[in-house]
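*Asks:* quick check, what structure comes out for this input:
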Amino acid sequence: QVQVVESGGGLVQPGGSLRLDCAASGSIVSINTMGWYRQTPGKQRELVAQIISDGTTNYADSVKGRFTISRDNAKNTVALQMNSLKPEDTAVYYCNADVQINRFWTTFQRYWGQGTQVTVSS
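*Replies:* Predicted structure coming up:
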């Protein structure tokens with residue numbers, strides 16, 4: 001079993017900053033990609049940022065230059081530093097991890113956290 005747990009959401013004023021943290025634990029052999037998605041009511045979940053184990057990153061155009069994703073491979077953690085927040089960043093943010101759980105097969109299964117609410121409002 002693999003657990004993915006997010007923390008760090010909350011209420012922040014426009015222009016402010018917030019950091020989200022996520023930790024994966026359990027029967028983990030390795031993790032390939034870790035990432036953050038977000039979702040608002042009535043809309044599909046969308047990619048915010050993702051980072052591969054070699055450090056390669058990918059960002060949604062809407063957050064480039066404002067958000068930074070980082071990870072600690074040894075601790076199986078990923079963080080999202082969000083600066084210059086806008087009201088349109090308000091959403092539930094979900095962490096995911098593509099995990100290898102069997103050391104004999106290099107296949108990866110995606111696990112999701114429960115989500116954390118980020119609200120940007122004055």
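
*Asks:* what's the pLDDT at residue 105?
*Replies:* Listed pLDDT for residue 105 reads 84.

*Asks:* dihedrals phi and psi, it?
*Replies:* phi -130, psi 130 (degrees, to the nearest 10).

*Asks:* spit out the contact partners of the residue nearest the centre of the chain.
*Replies:* Geometric centre of the chain, nearest residue: residue 36, 2.5 Å, by CA atoms, centre = their mean. Going by CB atoms under 8 Å, 6 or more residues apart in numbering, residue 36 touches 20, 22, 47-50, 69, 78, 80, 93-96. Just so you know, the C-beta spots here come from the backbone N, C-alpha and C atoms, and that holds for glycine as well.

*Asks:* the closest residue to it other than its chain neighbours and residue 54, how far apart?
*Replies:* Nearest non-adjacent residue to residue 36, counting by CB to CB, 6 or more residues apart in numbering: residue 48, 4.4 Å away. From residue 48 across to residue 54, the span is 20 Å (CB to CB, to the nearest Å).

*Asks:* which of the two has more residues huddled nearby?
*Replies:* The neighbour comparison of residue 48 against residue 54 (other CB atoms under 10 Å) goes to residue 48, with 24 against 7.

*Asks:* so for the helix or strand that one falls within, what gets flagged as buried?
*Replies:* In the assignment (DSSP states H and E), residue 48 maps to strand 46-52. Neighbour counts over strand 46-52 (16 or more other CB atoms under 10 Å) mark 48, 49, 50, 51 as buried.

*Asks:* I figured the first one hits residue 63, correct?
*Replies:* Yes. Here residue 48 lies in contact with residue 63, judged by CB atoms under 8 Å, at a distance of 5.8 Å.

*Asks:* what's the next secondary structure element after the strand holding residue 48?
*Replies:* strand 57-59.
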